[in-house]
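[1] give me a 3D structure for the following:
(2 chains)
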Amino acid sequence: MADWLERIRIVKLTKKFGSFTAVDSVSFTVRKNEFFSLLGPSGCGKTTTLRCIAGLEQPTSGEVYIGGRLVSSPEKGVMVAPERRGIGMVFQNYAVWPHMTVEQNIAYPLKIARVSKVKIRSTLSSIVDLLKLSGLEKRYPAELSGGQQQRVALGRALAMDPEVMLLDEPLSNLDAKLREQMRFELKDLQRKTGIAILYVTHDQVEAMAMSDRVAVMNGGVVIQEGTPYEIYKSPATKFVADFIGTMNFLPCEVVEWRDGCAILRLRNGSVVRINSPEVERGSYTLAVRPEDLLLNREEGVDCQVDVAIFLGNAVDYRVKLGDDILRVQTSVDNRFEQGEKAKLAVQRGILFS
Amino acid sequence: MNGASLGRSFDVRYVITAAIGLFFAVVIVFPLSLVIAKSFSSDSGLSLANYGRVFSDAANLKALWNSVWVSVLSTAICVAAGSLLAMLVIRTDIPAKSFLRLLLLLPYGIPPFIGAIAWSQLFGPAGYVSKLYMSITGAASAPWNIYSPGGVVLVLSIYQFPVVFITVSGALRRIDTSLEEAARMSGASPFKTLLDVTLPLITPAIVAGGLLAFVGCISNFGIPALLGFRARFFVLTTKIYSALSIPDMPIAAAMSVILAFVSGLALVLQRRLEREQHRYAVISGKSVRPQTMSLGAARIPLLVMVIAMALFAGVVPIASMVLTSFIKYWGAPLALKSMTLDHYKYVLRIPTGARAFRNSLFLAVGAATITMTAGALVSYMCIRVKLAVARVLDFLGTIPYAVPHTMIAIAMILAWSRPPVVLYGTIWVLLAAYLVTYMPFSIRTTNATLQQVHVSLEEAARVSGARWSDTMRDIVLPLIKPGLAAGWVLVFMPAFRELTMSVLLWSQGAETLGVVIYNMQDADYTQIAAALSTVVLLIIFVGNALVRRLSRGEIGF
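    The predicted model follows:
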C-alpha cells in the first residue's frame, strides 16, 4: 500500500476545539513534485489541517504520515514534536524574526541542526541566489519590503532542505502585482527543487493557477479533490460550483432525458437542451459558466441585455432572462447595446438537484 | 501552542504553574484575607462591631468624611485641568506641543511625598514664596498656610492631574478624525464640532481618568501626612496610621477595608468604561494626525499661561528642593556664600543614610527581579500555553492593584508577626509587602510584552527544528528582553522611593529612603530631607530616561 512517492498522507484527520469540529475526518495524499492546494473560505478548517500536519496542533483523531513515517496518531499515542518532523513552513504573516538579520533568519534551521560553518555558508549563498536576496543578507526584517520578507520566510523554510513544504496563505499580505509575480516564482521554485508543496489559500484564482491538484474544503470536510481543470469543469456540488470561478444558477424543470441529452424548461417557459448524464424528471438548478453561454442574434432563448461592461479583451454582460439575471462573456467583436433584445444559447451546463 | 504537542515539557509547565500558585496564595491571598477576617472579628467571634466603632467614633467619621471631600474636590480640579490642558495640547495649534507635554507630565515622575516636602518649602511659614511675599508687603506672615486641608487638596491635585491628562490626550489622539470631518462637512464650526462630536466621544475617557485620579487621591498617604498632621487634619490613610501606632488593629483593619472597598469600586467602574470604549470602537487603535483648532491671537498668551502653570507645578518644586539641599541653614539668605555640600556629606556619613540606601536598593532590586520573573512565567502560561489555571494566577496576581498600600501593610503585620513565620521587625516584611504591591505592575508589563511577540515567531522556530528550550533562548527571550528590562525599571523606581508601607512596617536597621526622608522632614531637618530627596529624584529621572530608551518611548513619562 505504501506509495514510495508519497510525501504527506493524512487519514481521517479530525480536530475538535471543545464541541466545535474544525476538521472532520479529512484524508488526502500529497506526492513528490506535487503542488497541492487546500482551498476554501475562511473558517473551513484548511489552516487547522495544515497546523495538524506541522505538529503545531494536536489532532483529536486520525493519522498523519510525513515521508511514510507516522508522526501523529492520538489512537496510537504518537505525537512527534514539530521540530522533529523535518518540514519547511511559511506562515501567513511570514514570522520572520525581527531581531535577526536576513542571513541569521535563513541560517537558523542549519544552526539548530549543528551544520558546519562551511556548509551553512554554501547553503546560504545558494538560497540567497535562488530567491534573489543578494545584497540584503545583513539587513533586518524592518528594513525589507513585504515581498522581501516573504522571500526570507521561504528561504528559511528551504534551508531545512525539506521534502515537504507547508505554505499558509503566504501571498495574502502582498499587493496584487507582487502576488502575481510571487505565484510564478513559487511555481518555478517548486519545479527547480522538486519539493512537495501543501498550499493553503482562500483565493481560488491562486489555487487554480498554481496547483497540480486541489482539495476544496468547507465546514471541516473535503468536498472535492481533483485537478484544477476537473474542479472547474465538473464541480461536484453547488458549493464548489459557486466557490470556483463565476457561475450562473438557474432554477429549472427536467422534462425529459434521452440519448445523453436533458431537455429542461426554465422559469420563463423557454426550453433548453444540454448534454448531461442520465437524470430523473423533477426540479433542478442549472449551473452555467458565463463563457458557456453564447449571446447572439440567431439561435437560443429570448433575452434582453441589461448592462454591458467593456473589459478590454472581452465584454461582460448582465442579461435578463425573464426574472433571472445571468452573466455572459463574449468577445469584443460581437457587441450588443444596453437594452437590446438578443438570443442566448446554452452550450454547456451542469444540473444540481 | 496546544498543550500536548510539547511532549515532555508538558509536566514542567504544570509544576511551574503550581509553584507560582502556591507563592501567590501564601504571599498575596493569605495576608489580604487576614485583614478582611480581622475587620469582621471581635471577642465574641464574627461581628460588625469594628465597623460600628468606625462609624460611631466622631474622629473616625470625620476622617472618612475628610477623605471623601478632599478626594472629590481634588479629582474635580484634576479633571478640569487635565482635560482642558489635553484638549489645548492635542487639539489646538499651540506651539511646542511635545515640550509642553513633557513639562506637564513632570509632576507624574515626582514621588507625592517628596512633592509635599517641596511645597512646604515654598509655601510653609518660612518658605521661599512666603518670605518673598512678606518682604514685598511687609506683612508679618503669609496669608496662606500649606499645612491645611487646602494645602492637601492643592498638592494632591498637582500630583494626580497628569493621570487625567494622559487618559484624555490618549483618547483625543485615537479618535477617528473622519467623525469630526463629517461634522465639519455637515456645517458645524470647529468649536461646535468639539462640543457636539469630540466631547461626547472622549467623555468616557475623562470619567475613567477622573476615577483613577480619585483612587490616587483617596489612597495617598504622604501628602496628607506631611501637610495634614500639623493641622491635626486627618484622612482615612493617616487615621489608619494613627490607629496602628496605638495599636488598634481591628479598627485599622476595618478602616482599610472601607478604603479598599471605595477605591476598588472606582477601579471596577474605570475598567468597565475602558471596555465600553473598545466595544463602540469609535476610538480606533491607530493613531492619526488629529485636526487642530486655530487659537488665533490667543495662541501665544495661552502658551505662556500653560508654561507658567507647568513650571509652577513641576519645575519650581524641584528647583526649590535642590536649592534647599545646598543651603547652609533653613532661612539663610539666598546668596552664593550660603551654599554648601555639607548636607550631602552628612547624609553619606550618618549610618541611617547609608543603610537606607542599601536597604532601598536591596528591596527595589529584589522586588523588581522576583515580580518580573513570576510575571513573565504567569504571562507565558496564560498567553502562550493557554493553561486555564494560569488565568486564575493572572487574576490573583493583579488583585493587589486595587488594594491601598495601607491595607497591604496591615496585611503584612497580621500575617508575618506571629510564629511560625516572623518577618515583622526585619527587612523581609518590607520585601513581602513590595512583592504584593508590585506584582500587578509586573504581570501587566509582561502580558503586554508577550502579546507583542506573535505566536507564529515561536512556531516558525519549532518547525525550523528548534526544541522548546532553543525557542525560548533564541527567539522569545531576545524579543521580550527590552520589555522585561523596561518593566524591571518600572518596578524598581517606585519601590526605591516607597513611603506608605515602609513607614508603617520599618524597624531599626530596616529603614528605607522613604522612611528616612519622612522622619528627617518630620523632625524639621529640612535640608537633610532635601538632599536625600534630590538624590532620589536624580535616580528616578535617570531611570525614566533608561525606560524610555529601552521601550523606544512607549513607557515612562
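
[2] so who does the residue nearest the centre of chain A touch?
    Centrality entry for chain A: nearest residue to the mean C-alpha point is A:A207, 2.9 Å, by CA atoms, centre = their mean. By CB atoms under 8 Å, 6 or more residues apart in numbering or on different chains, the contact set of A:A207 is A:S37, A:L39, A:Y199, A:T201, A:V214, A:P228. (Each C-beta comes from the backbone N, C-alpha and C, glycine too.)

[3] any idea how far the residue of chain B positioned farthest from its centre is from A:V240?
    Distance from the C-alpha centroid of chain B peaks at B:G465, with 44.7 Å (CA atoms, centre = their mean). When distance is defined by CB to CB, to the nearest Å, B:G465 is 38 Å away from A:V240.

[4] does the residue farthest from the centre of chain B lie in a helix or a strand, and which?
    Assigned by DSSP states H and E, B:G465 belongs to no helix or strand.

[5] assign a three-state SS to B:G425, would you?
    Per DSSP: H, G, I helix; E, B strand; the rest coil, the local secondary structure of B:G425 is coil.

[6] my bad, should have said A:F336
    Three-state assignment for A:F336 (three-state DSSP): coil.

[7] once you drop chain neighbours, what's closest to it?
    Once flanking residues are discounted, A:F336 sits nearest to A:V305: 4.8 Å by CB to CB, 6 or more residues apart in numbering or on different chains.

[8] ok, how many other residues are close to that neighbour?
    20 (other CB atoms under 10 Å in any protein chain shown).

[9] isn't it up against A:K343?
    No: under the criterion of CB atoms under 8 Å, A:V305 makes no contact with A:K343, lying 11.0 Å away.

[10] hey, which helix or strand in chain B has the poorest pLDDT?
    Least confident helix or strand, chain B: helix B:177-185 with a mean of 73, by mean pLDDT, DSSP states H and E.

[11] now find how far off-centre the host helix or strand of the residue nearest to the centre of chain A is within its chain.
    When elements are assigned from DSSP H and E, A:A207 belongs to helix A:204-210. Relative to its parent chain, helix A:204-210 has a centroid offset of 5 Å by CA atoms, centre = their mean, to the nearest Å.

[12] swap in stretch A:136-154?
    26 Å.

[13] for stretch A:185-192, same thing?
    Per CA atoms, centre = their mean, the centroid offset for stretch A:185-192 relative to its chain is 16 Å.

[14] what residues does that stretch touch?
    If you take CB under 8 Å, 6+ apart as the criterion, stretch A:185-192 is touched by A:N33, A:F35, A:L130, A:L154, A:L158, A:L167, A:P170, A:I197, A:M210.

[15] re the thing from before, need the contact list for the residue nearest to A:F336.
    A:L295, A:Y317, A:R318, A:V319, A:K320, A:F336, A:E337, A:Q338, A:G339, A:E340, A:K341, A:A342.

[16] and of the residues you listed, the nearest to B:L179?
    B:L179 has its nearest neighbour among these in A:R318, at 36.9 Å by CB to CB.

[17] tell me the strands beside the helix or strand hosting the closest one, with direction?
    Taking DSSP H and E as the criterion, A:R318 maps to strand A:315-321. Note on strand A:315-321: by DSSP bridges, its sheet partners are strand A:301-310 (antiparallel), strand A:324-330 (antiparallel).

[18] look up how far chain A lies from B:M493.
    26 Å (CB to the nearest CB, to the nearest Å).

[19] show me the contacts for that residue.
    Neighbours of B:M493 in contact, by CB under 8 Å, 6+ apart: B:A364, B:I539, B:I540, B:G543, B:N544.

[20] could you pull up phi and psi at it?
    Torsion angles at B:M493 (phi, psi; degrees, to the nearest 10) stand at phi -60, psi -50.

[21] which parts of chain B are strands?
    Remark: strands assigned in chain B by DSSP state E are B:41-42, B:45-46, B:417-418, B:421-422.

[22] need the contact partners of the second one.
    Contacts of strand B:45-46 with the rest of the structure, by CB under 8 Å, 6+ apart, involve B:F40.

[23] sheet partners, orientation included, of that strand?
    Counting by DSSP bridges, strand B:45-46 is paired with strand B:41-42 (antiparallel).

[24] which stretches of the stretch 201-350 of chain B have low pLDDT?
    Within the stretch 201-350 of chain B, the segments meeting pLDDT under 70 span B:277-291.

[25] the same query, at a cut-off of 50, please.
    Flagging of the stretch 201-350 of chain B using pLDDT under 50 yields the residue ranges B:281-287.

[26] and the gap between the closest residue to B:G509 other than its chain neighbours and B:V378?
    Sequence neighbours aside, B:R355 is the residue nearest to B:G509 in space, at 7.0 Å (criterion: CB to CB, 6+ apart). Between B:R355 and B:V378 the computed distance is 34 Å (CB to CB).

[27] looking at the two, which is more packed in?
    Per other CB under 10 Å, whichever of B:R355 and B:V378 has more neighbours is B:V378, with 29 against 17.

[28] surely that one touches B:D394?
    Yes: with contact defined as CB under 8 Å, B:V378 and B:D394 form a contacting pair (5.8 Å).

[29] give me the common contacts of these two.
    B:I443.

[30] the longest helix in chain A is where?
    Taking DSSP state H as the criterion, chain A has its longest helix at helix A:176-193.

[31] by contact count, what packs against the helix or strand just after that helix?
    Counting by DSSP H and E, the next helix or strand C-terminal to helix A:176-193 is strand A:196-201. With contacts taken as 3 or more CB pairs under 8 Å, 6 or more residues apart in numbering or on different chains; DSSP states H and E, strand A:196-201 sits against strand A:6-17, strand A:20-31, strand A:35-39, helix A:46-54, strand A:164-168, helix A:204-210.

[32] average pLDDT for strand A:196-201?
    Strand A:196-201 carries an average pLDDT of 94.

[33] burial count for A:A157?
    Using other CB under 10 Å, A:A157 has 26 other residues around it.

[34] these two touch, right, it and A:G88?
    Yes: counting by CB under 8 Å, A:A157 touches A:G88, with 3.1 Å between them.

[35] mutual contacts of the two, please.
    Each of A:M165, B:V463 lies in contact with both A:A157 and A:G88 under the rule CB under 8 Å, 6+ apart.

[36] can you tell me how far B:S219 is from chain A?
    Distance, B:S219 to chain A, by CB to the nearest CB: 40 Å.

[37] list phi and psi for that residue.
    Backbone torsions for B:S219, taken as degrees, to the nearest 10, come to phi -100, psi 0.

[38] so it touches B:L259, yeah?
    Yes: in this structure B:S219 lies within contact range of B:L259 using CB under 8 Å: 6.5 Å.

[39] now the common contact residues for those two.
    The overlap between the contact sets of B:S219 and B:L259 (CB under 8 Å, 6+ apart) consists of B:T237, B:P404, B:T406.

[40] need those residues in JSON lines (columns: neighbour count and distance to A:S270).
    JSON lines is the format used below for the shared contacts of B:S219 and B:L259 (neighbours: other CB atoms under 10 Å in any protein chain shown; distance: CB to CB, whole Å):
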{"residue": "B:T237", "neighbour count": "27", "distance to A:S270": "88"}
{"residue": "B:P404", "neighbour count": "25", "distance to A:S270": "83"}
{"residue": "B:T406", "neighbour count": "27", "distance to A:S270": "88"}
